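Novice: model the structure of this input:
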Amino acid sequence: MKLKTLLVLASASLLIFSNLASAKAANSWVDCVIITKADIDKTYSSLPPSYNFTVSNGCKGSDIGSVKLEFQNGDILSYSYLNTQTIYSFYAYQYYGKKLSFSLKDMKPGYYQPSVKITAQKDYSRKTVSLPSYNIDAPKQPVLTSTGGNTSSLNSCAYTADMKILNCSSYPNWSISVCVSSSYTNAIVQQQSGTLWSDLWKVSTKYDSTSCTLTTSPYLLVINGSSQLAVNKSVSLRVLNDSKNLSILDFKVTSLQV
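Specialist: Coordinates of the predicted model:
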């Protein structure tokens, strides 16, 4: 009887251990990905807002490999491939995390409930995390007054230093385009403030042999923006590749009374 009892207890212990091992094996690498500090950023009133959050490795000492994050802004009619970012080595972000920013350009006024879909490439495990909701405010209607016969208007002009590219639009919107020799994805538009440059949003080129007739520069880069500048005031901007080691375009935007 004692031998049978021991065998039964041993079998039960093996069963419990097996269940624990199975439960541990069922855990996914994606469960190590932690999202914190999520909120909308409206720092620059003249530019589209962005949605920022910090992502970190919650499994201290573990290299969970490459992680893909797909930000969903909450508008089922609006999606951009620029809202997908991949962190190829997550090991470095187990202490301080990495801040990610996604543009909310072309979002109509309203209330949105965003989320982020996370994929751990190591085992292709996935999860979707709901993010704090946000509002896109409607633009304020300006006070309309009689011009008293004054037909002048305010324009925003984007131009390069050599003035080979100059394009003026109705204030505060501006646009500039250039044909380049290489294809770029996730190029970064930056604005100068003093001696520092700050990231604004991302742009990409597209192959356009109609607009870009030179075979050496067949890719069209178009940058559209909006800048609330006083009359005759200007701001310096530039476009860098995604590695920030190559300048693609340097230009300025100035508001002019015409």
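
Novice: helices and strands around the longest strand along the chain, which ones?
Specialist: Counting by DSSP state E, the longest strand found in the chain is strand 247-257. Applying 3 or more CB pairs under 8 Å, 6 or more residues apart in numbering; DSSP states H and E, one finds that strand 247-257 contacts strand 154-159, strand 173-180, strand 219-226, strand 234-240. (Glycine included, C-beta is placed from N, CA and C.)

Novice: and the angle for the second one with strand 219-226?
Specialist: Using axes from the mean of the first three to the mean of the last three CA atoms, to 10 degrees, the inter-axis angle of strand 173-180 relative to strand 219-226 is 170 degrees.

Novice: now do the shortest one
Specialist: Interaxial angle, strand 154-159 versus strand 219-226 (the same axes, to 10 degrees): 150 degrees.

Novice: next, the buried residues of strand 154-159.
Specialist: Buried residues in strand 154-159, counted by 16 or more other CB atoms under 10 Å: N155, S156, C157, A158, Y159.

Novice: reformat these as a markdown table; add pLDDT and distance to V203.
Specialist: Output for the buried residues of strand 154-159, formatted as a markdown table (pLDDT from 0 to 100; distance: CB to CB, whole Å):
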| residue | pLDDT | distance to V203 |
| --- | --- | --- |
| N155 | 86 | 22 |
| S156 | 88 | 18 |
| C157 | 89 | 19 |
| A158 | 89 | 13 |
| Y159 | 89 | 18 |
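
Novice: between the residues you listed, which is nearest F102?
Specialist: When these are ranked by distance to F102 (CB to CB), A158 comes first, at 24.4 Å.

Novice: beta partners of the residue nearest to the closest one when sequence neighbours are not counted?
Specialist: Leaving aside its chain neighbours, A158 sits nearest to I176 (3.9 Å; criterion: CB to CB, 6 or more residues apart in numbering). Beta bridges link I176 to I223, judged by DSSP bridges.

Novice: need the contact list for I176.
Specialist: Listed by CB atoms under 8 Å, 6 or more residues apart in numbering, the contact partners of I176 are A158, Y159, I165, N167, V222, I223, L249, F251.

Novice: domain map for this protein?
Specialist: Domain assignment for the chain by automatic domain parsing gives 29-136, 154-257.

Novice: now the helices for this structure?
Specialist: Along the chain, counting by DSSP state H, helices occupy 2-26.

Novice: how near is the residue nearest the centre of it to L82?
Specialist: Centre of the chain computed as the mean C-alpha position; nearest residue by CA atoms, centre = their mean is F102, 2.5 Å away. Separation of F102 from L82 (CB to CB, to the nearest Å): 8 Å.

Novice: same deal with S89?
Specialist: Taking CB to CB, one finds S89 at 22 Å from L82.

Novice: tell me which of those two has more neighbours.
Specialist: Set S89 next to L82 and count neighbours by other CB atoms under 10 Å: L82 wins out with 16 against 12.

Novice: who's in contact with the more buried one?
Specialist: F102, S103, N186, K202, S204.

Novice: per-residue confidence at it?
Specialist: Per-residue confidence (pLDDT) for L82: 73.

Novice: and the residue lying closest to T205 once chain neighbours are set aside, how close does it get to S247?
Specialist: Nearest non-adjacent residue to T205, counting by CB to CB, 6+ apart: Y219, 4.1 Å away. Here Y219 is placed at a distance of 16 Å from S247 (CB to CB).

Novice: which of those two has more neighbours?
Specialist: A direct count of neighbours by other CB under 10 Å for Y219 and S247 places Y219 higher, at 19 against 11.
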